[in-house]
Each structure stands twice: as C-alpha cells, then as structure tokens.
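> predicted coordinates and the sequence they were generated for:
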Amino acid sequence: QEKVQQSPESLIVPEGAMSSLNCTFSNSASQSIWWYQQHPGKGPEALISIFSNGNKKEGRLTVYLNRASLHVSLHIRDSQPSDSAVYLCAVTGGYKVVFGSGTRLLVSP
Amino acid sequence: DPKIIQKPKYLVAVTGSEKILICEQYLGHNAMYWYRQSAKKPLEFMFSYSYQKLMDNQTASSRFQPQSSKKNHLDLQITALKPDDSATYFCASSQDYRVEQYFGPGTRLTVL
C-alpha cells in the first residue's frame, strides 16, 4: 500500500519569500508525482507534475524528484498571499492516486 | 459554466438510510474518479472508472457502489449510512490516468 507523507504540516512565510514543501513516498515504481492546491471549501487543482528524476520548472514553481530517496519537493518562488492554501502531494500508480495529508501554507503580507 | 457538476452541494442523512451522490463532467474526459475527504483523514481515493469500466476500487465496504449510466456520469450510491461516512465527497475526471485530474466542488455529507 503506497504511503505518502508530507512535511511540514503547516508553513508560514512572508510575502516574497521562497516556500519549500516536502513529500516522501514509499514505492519507487510509482508513476507521476503531482502537486495539487486546495483552497477552503473547494476541490483540489493540479499545479505541476514530475515523472523523471531531476527538476521541472513552471513559472514560480519548481519541483524536484529523487526516486532513490523517494523524495519530492515543491518550491514556490516569490510567494504571494494568494498562494495561501493547502498543498497536496499525489502519487499515481495506474488509475489509483494516493494523496498525502497536505501542507497548509500561509503567506503573510 | 462549471465543467464538473456535483449534486447536491450539501446532504444531511440519518443513520441507516441510503443516498446517491451525482457527478457529471463536461470536459470530454474518459476517466472519472471518486474521493472522500474528512477532518480525520487526508483525501482518500475510492474508485476509478475508464470508459465506464471499473479500473480500481480501494473502498473496503460494499456499501459504496459507483454507478455509470453514461460516459460522463459517475454517481455514488451509499447504503446503510453511518456517522463515520460524514465527509466531503469529490468527483474528478481526467483524459487518462497519466494526466492531471480535474475535481468537482464536492458534496458535503453529514450523517446524523
């Protein structure tokens, strides 16, 4: 059974700072790893995904994957108050997706 | 216009009753999913369907039964409701398992 752990549980950063979120998973054969953003009372929205070892950059987002250490991280450059939300790490294996419990990010103005 | 419709938005039920949660997607996607999210547990995968066929089922209880009458519909029937079933149920869809999933607004179920 795939396990996905996220850290920290919550994170407070000042506006303009870098936000760094971590995720570890248990199965190195997992397919893609996705990051989703969820605002209160809303469904999650996909932000970025990665499949191969290394990094991927999209706008202010950069994701790093190391399959050997079963670790993936998300970095948000120049964090804005509108980035305040819960961030979910999701590991896919075929048609099954396992989500972590999330990191609650608060960006203070 | 909303691309994924979930009905109702809020639902209150009594223990032992049966309810059906509705999900329709207008994104032209081939795969649909159900998830559950409560204060006690993270977003929990329940079912996945592709071209109206069950692809994966991670729900231990047979009280939860998905129903797909059309390619863009995936309803969730829950029987013999228990207070522990109280949660927000999200429907999602994707073109296939390799790409991002789009989530609906959720149905918040409270079982008294």
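Noted; the coordinates are in hand.

> pLDDT at the closest residue to chain B within chain A, what is it?
Residue of chain A nearest chain B, by CB to the nearest CB: A:G43 (3.0 Å). C-betas here are computed from N, CA, C, even on glycine. A:G43 carries a pLDDT value of 95.

> list the contacts of the residue of chain B found nearest chain A.
Residue nearest to chain A within chain B: B:F103 (3.0 Å; CB to the nearest CB). Going by CB atoms under 8 Å, 6 or more residues apart in numbering or on different chains, B:F103 touches A:G43, A:P44, A:E45, B:I4, B:Y35, B:F90, B:C91, B:A92.

> distance of the third one relative to B:Y10?
When you say that, I think you mean A:E45. Counting by CB to CB, to the nearest Å, the gap from A:E45 to B:Y10 is 22 Å.

> up against chain A, what does chain B have?
Neighbours of chain A within chain B, by CB under 8 Å from any CB of the partner chain: B:4, B:31, B:33, B:35, B:42-45, B:48, B:50, B:55-56, B:58, B:90, B:92, B:97-98, B:100-106.

> Three-state assignment for the most centrally placed residue in chain B, please.
Chain B has B:W34 as the residue nearest its centroid, 3.4 Å off, counting by CA atoms, centre = their mean. Secondary structure assignment for B:W34 (DSSP: H, G, I helix; E, B strand; the rest coil): strand.

> next secondary structure after the helix-or-strand element of chain B with minimal mean pLDDT?
Least confident helix or strand, chain B: strand B:53-57 with a mean of 92, by mean pLDDT, DSSP states H and E. Toward the C-terminus, strand B:53-57 is succeeded by strand B:64-67 as the next helix or strand (DSSP states H and E).

> surely A:H71 meets A:L21?
No: when contacts are counted by CB atoms under 8 Å, A:H71 is not listed as touching A:L21 (11.5 Å).

> ok, longest strand in chain A?
strand A:85-93 (DSSP state E).

> contacts for stretch A:59-68, please.
Here stretch A:59-68 has contacts from A:28, A:33, A:35, A:47-56, A:71-78, using CB under 8 Å, 6+ apart.

> and the closest residue to B:P2 other than its chain neighbours, what helix or strand is that in?
Distances taken as CB to CB, 6 or more residues apart in numbering or on different chains place B:P105 nearest to B:P2, at 7.4 Å, with adjacent residues excluded. Element membership for B:P105 (DSSP H and E) is empty, with no helix or strand holding it.

> quick one: strands adjacent to whichever helix or strand comes after the longest strand of chain A?
Where DSSP H and E defines the elements, the next helix or strand beyond strand A:85-93 is strand A:96-99. Paired with strand A:96-99 in the same sheet, following DSSP bridges, are strand A:85-93 (antiparallel).

> and the contacts of the partner strand?
By CB under 8 Å, 6+ apart, strand A:85-93 touches A:2, A:4, A:6, A:21, A:23, A:25, A:27, A:29-39, A:44, A:47, A:72, A:74, A:97-100, A:102-105, B:42-43, B:97-98.

> between strand B:53-57 and it, find me the angle.
Strand A:85-93 runs at 110 degrees relative to strand B:53-57, counting by axes from the mean of the first three to the mean of the last three CA atoms, to 10 degrees.

> give me the sheet partners of the one helix or strand A:W34 maps to and which way each runs.
Here A:W34 sits within strand A:33-38, counting by DSSP H and E. Applying DSSP bridges, strand A:33-38 is found paired with strand A:45-50 (antiparallel), strand A:85-93 (antiparallel).
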